[in-house]
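> Sequence and predicted structure are below.
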Amino acid sequence: MLSESIKQWGKTLGFQQVGIADIDLKQHESTLQQWLDNHYHGEMDYMQKHGMKRARPDELHPGTLRVISVRMDYLPDNAAFARTLKDKNIAYISRYALGRDYHKVMRKKLKQLGQKIEQEVGQLGYRPFVDSAPILERPLAEKAGLGWVGKHSLLIDGKSGSWFFVGELLVDLPLPIDQPVENRCGSCVACLKICPTQAIVAPYIVDARRCISYLTIELQGAIPIEFRKAIGNRIYGCDDCQLICPWNRFANTTQETDYQARQQLDKQPLLTLFNWSESEFLSNTEGSPIRRIGYQRWLRNIAVALGNAPSNEAVVNALKDKLACCDSPLVNEHITWALAEHQQHSLIANERLTLRLINAIEKGLPRDA
């Protein structure tokens, strides 16, 4: 049967799972419209621009009858989540972004899958997408049986967790469809509780304007002050809702070498990354999804993380040096905030020292006690 052959070809190409769905997403249109009406998309104007087209694959690619959904694991070896998050001198980069840009990797493989199908059936109308078009990827993957959409809005597979990418191949073949799997989140609300900025405003609903991934990647301007401390040392994306998800105890590390962590990005000191020149940034992020935020937002994010780092002379001097030579108002605003945070830390430390001296004097102890 052709559908079974397609799934096997997909796995041969490196996808861990392949499913087939029809294109009926009408039941998601009202939810999508409500999300847009609430302005949860923030500055992502393209979400509003395309509107209900996201729920109508045949408008995106006329003639589409089926969507072949695929998933591909990306969790790198030795991810060391907790250790990196706890060390506030180290930059935390979302695990998906430590290797090669997944858009390029998956799109190439989806195109090869389309070509393979075309060799089998003759002329074929197909089009591959990987997080690059107005289409509801996760609901389609859910319909195709690749997992269920969890309360954090990400897709979860009961045997593999959620550390994977999804992609689609739109085709004009009337292939038999797969059946969705049961949603098994149950009463668990761990992802809602763990979110540092409380971006999951209700089960299955994320306010992007509060999400650290949005704030450090999609947001063009200044990061709102009320979220800066919660960002901690996360300079590109956030994984907290996945880290806490109990289904990820079943997750496997990726077999795709392109997704393994690059040494120059993984577990690097904040000061090392902050001191990169723009040419070093472009060189070290070549082929990485990180490059798309550009050098100014890269510095913006790291400045916030340095404002949250332990206060010491090296950090303060690095911030002052960058402020003296940087001509970006965006970056300088965040550096100024970071320096104010360290000044506040210094004042608090001095107050504590003063209190200790006063207590020592009152107790008749030596001043250096």
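Looks like it came in fine. Residues are numbered from 1 along each chain as shown.
> can we go C-alpha only for contacts and neighbour counts from here?
OK.
> Now do the strands in the stretch 201-350 of the chain.
205-206, 234-236 (DSSP state E, counting those that start in this stretch).
> Could you point out which residue ranges in this protein have low pLDDT?
Scanning the chain for pLDDT under 70 picks out 346-369.
> Recalculate using a threshold of 50.
In the predicted model of the chain, residues 369 satisfy pLDDT under 50.
> ok now do residue 72, which residues does it touch?
Neighbouring residues of residue 72 by CA atoms under 8 Å, 6 or more residues apart in numbering: 14, 15, 16, 17, 164, 165, 166.
> export these to a markdown table and tack on neighbour count?
Listed next are the contacts of residue 72 as a markdown table, based on neighbours: other CA atoms under 10 Å:
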| residue | neighbour count |
| --- | --- |
| 14 | 18 |
| 15 | 25 |
| 16 | 19 |
| 17 | 17 |
| 164 | 23 |
| 165 | 21 |
| 166 | 23 |
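> hmm, back to that, deepest-packed of the strands of the stretch 201-350 of the chain, please.
Counting by mean count of other CA atoms under 10 Å, strand 234-236 has the highest mean neighbour count of these, with a mean of 26.
> That one: how far from the chain's middle?
Put simply, strand 234-236 sits 9 Å off its chain's centre (CA atoms, centre = their mean, to the nearest Å).
> and what of stretch 174-190?
The chain centre lies 22 Å from the centre of stretch 174-190; the measure is CA atoms, centre = their mean.
> start to end distance for it?
40 Å (CA to CA, to the nearest Å).
> buried ones in that stretch?
For stretch 174-190, burial by neighbour count (16 or more other CA atoms under 10 Å) applies to 175, 177, 178, 180, 185, 189, 190.
> hang on, the first one packs against residue 3?
Yes: with contacts counted by CA atoms under 8 Å, residue 175 reaches residue 3, the gap being 6.5 Å.
> Give the residues shared as contacts by those two.
Contact criterion CA under 8 Å, 6+ apart; residues shared by residue 175 and residue 3: none found.
> returning to what we had before: which of the buried residues of stretch 174-190 sits closest to residue 128?
For the buried residues of stretch 174-190, the closest approach to residue 128 (CA to CA) belongs to residue 175, at 16.6 Å.
> Check the gap between that closest one and residue 167 for me.
Applying CA to CA, the value for residue 175 to residue 167 is 18 Å.
> In TSV: the buried residues of stretch 174-190, plus secondary structure and distance to residue 96.
Shown next, in TSV, are the buried residues of stretch 174-190 (DSSP: H, G, I helix; E, B strand; the rest coil; distance: CA to CA, whole Å):
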residue	secondary structure	distance to residue 96
175	coil	32
177	coil	29
178	coil	27
180	coil	25
185	coil	23
189	coil	23
190	helix	21
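> and which of those is nearest residue 113?
Nearest to residue 113 among these, counting by CA to CA, is residue 175 at 14.9 Å.
> ok now do the closest one, which residues does it touch?
2, 3, 20, 66.
> Just give me the neighbour total for the nearest residue to the last one once chain neighbours are set aside.
Nearest in space to residue 66, with sequence neighbours left out and distances taken as CA to CA, 6 or more residues apart in numbering, is residue 22 at 4.8 Å. Number of residues near residue 22 (other CA atoms under 10 Å) recorded here: 19.
> can I assume residue 22 is in contact with residue 179?
No: applying CA under 8 Å, one finds residue 22 not in contact with residue 179, separated by 10.3 Å.
> Return every residue with contacts to both of those two.
Residues touching both residue 22 and residue 179 (CA under 8 Å, 6+ apart) are residue 143.
> Report how many residues lie close to residue 323.
Using other CA under 10 Å: residue 323 sits among 19 other residues.
> Filter the contacts of residue 175 down to the buried ones.
If you count burial by 16+ other CA under 10 Å, the buried members of the contacts of residue 175 come out as 3, 20, 66.
> Against residue 85, how distant is residue 190?
From residue 190 to residue 85 the distance is 18 Å (CA to CA).
> which residues does the most centrally placed residue in the chain contact?
Geometric centre of the chain, nearest residue: residue 237, 4.4 Å, by CA atoms, centre = their mean. For residue 237, the contact set (CA under 8 Å, 6+ apart) comprises 93, 94, 212, 213, 214, 216, 217.
> May I ask which of the residues you listed has the most neighbours?
Neighbour tally across those (other CA under 10 Å): the maximum, 29 neighbours, falls on residue 212.
> in the stretch 1-150 of the chain, which spans are helices?
Here the stretch 1-150 of the chain has its helices, by DSSP state H, counting those that start in this stretch, at 2-13, 29-37, 45-50, 57-60, 81-86, 102-121, 137-143.
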